[in-house]
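Asks: Here is a sequence with its predicted model. Questions after.
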Amino acid sequence: STKTVRVHFNSNYGGTYQDFKAGAKGNLNAGLKNQNASHQFSPSSRTNMSYGLYTLSGGRITCGFDGYTTTPGRHEGIDIARGVGSDVHALVSGQVIHLARGANGSGGLSTISIYNASLNKTVIYLHTAPRSSLAVGQQISRGQIIADEAWRGVSSSASAHTHVEMRLGRQTHAAKSVNDPHLDNPNPTSFWNSQNYNVR
């Protein structure tokens, strides 16, 4: 190839990787051999958002920003699913400024709001089961496990997912989406790209 080729340990461009420069020949490292690998030509330094949220083999976006098709309103976040009980990792660092644990089922919405002062942005996670050690005022690192995938505020476990929402400034709650025709949040793609994530 005339381009750098990056070989990943996991499918969907996840896990550890090894780069081969244009025209180079070589063997895979021992830790990459005989695995469920994937590869990219001319790779970017970005990680897929779904991988950043769940690691392992990542997850899948089930509803994008403003992506409602059967629900009235304007969807203000990005819904990503992997499976009930999957570890949910913080996509950015910051301080927990609001926490609602909720309960599984349509009436038990959970919320984790993490404010990053240097970015002046809040990232809000809905529907997950916050870890018992999580507390308001706690400093969170990027990649830290903060919750488990659940269906808190969702009608059934079959619809379990993590709603990730970027809000401008310091915000404790997600914007209203269902039955709200207005968007309070800007399209977050440029923000996630600036944090080295692909929105997928």
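Replies: On my side now, so go ahead. Numbering: from 1, shown residues only.
Asks: all contacts plus neighbour counts: C-alpha atoms, from now on.
Replies: OK.
Asks: Which pLDDT value goes with residue 14?
Replies: Per-residue confidence (pLDDT) for residue 14: 66.
Asks: Can you tell me the closest non-neighbouring residue to the residue most central in space within the chain?
Replies: Central residue of the chain (CA atoms, centre = their mean): residue 53, 3.6 Å from the mean position. Distance criterion CA to CA, 6 or more residues apart in numbering; nearest residue to residue 53, sequence neighbours excluded, is residue 89 at 4.9 Å.
Asks: Test my guess that that neighbour contacts residue 149.
Replies: No - when contacts are counted by CA atoms under 8 Å, residue 89 is not listed as touching residue 149 (10.1 Å).
Asks: Show me which of the two is the more surrounded one.
Replies: residue 149 (24 against 20; other CA atoms under 10 Å).
Asks: For the least confident helix or strand in the chain by mean pLDDT, name the packing helices and strands.
Replies: In the chain, no helix or strand scores lower on mean pLDDT, DSSP states H and E than strand 38-41, which sits at a mean of 73. When contacts are defined as 3 or more CA pairs under 8 Å, 6 or more residues apart in numbering; DSSP states H and E, strand 38-41 packs onto strand 5-10.
Asks: Give me the buried positions along the strand it packs on.
Replies: Neighbour counts over strand 5-10 (16 or more other CA atoms under 10 Å) mark 5, 6, 7, 8, 9, 10 as buried.
Asks: Dump those to JSON lines, plus distance to residue 99 and pLDDT.
Replies: Formatted as JSON lines, the buried residues of strand 5-10 follow (distance: CA to CA, whole Å; pLDDT from 0 to 100):
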{"residue": "5", "distance to residue 99": "42", "pLDDT": "86"}
{"residue": "6", "distance to residue 99": "39", "pLDDT": "84"}
{"residue": "7", "distance to residue 99": "39", "pLDDT": "84"}
{"residue": "8", "distance to residue 99": "35", "pLDDT": "79"}
{"residue": "9", "distance to residue 99": "35", "pLDDT": "76"}
{"residue": "10", "distance to residue 99": "33", "pLDDT": "71"}
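Asks: follow-up on the earlier one: how about the least confident helix or strand of the chain as CSV, C-alpha atoms only?
Replies: Coordinates of each C-alpha in strand 38-41 appear next as CSV, following Å, rounded to 0.1, in the frame of the first residue of the first chain:
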residue,chain,number,x,y,z
SER,A,38,-9.8,-5.0,11.6
HIS,A,39,-7.6,-2.6,9.7
GLN,A,40,-7.7,1.0,8.3
PHE,A,41,-5.8,2.8,5.6
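Asks: Identify the residue nearest residue 6 in space, chain neighbours excluded?
Replies: Here the residue nearest residue 6, using CA to CA, 6+ apart, is residue 19, at 4.4 Å.
Asks: sec struct for that neighbour, please.
Replies: Secondary structure for residue 19, judged by DSSP: H, G, I helix; E, B strand; the rest coil, is strand.
Asks: For it, the count of nearby residues, please.
Replies: Residue 19: 17 neighbours (other CA under 10 Å).
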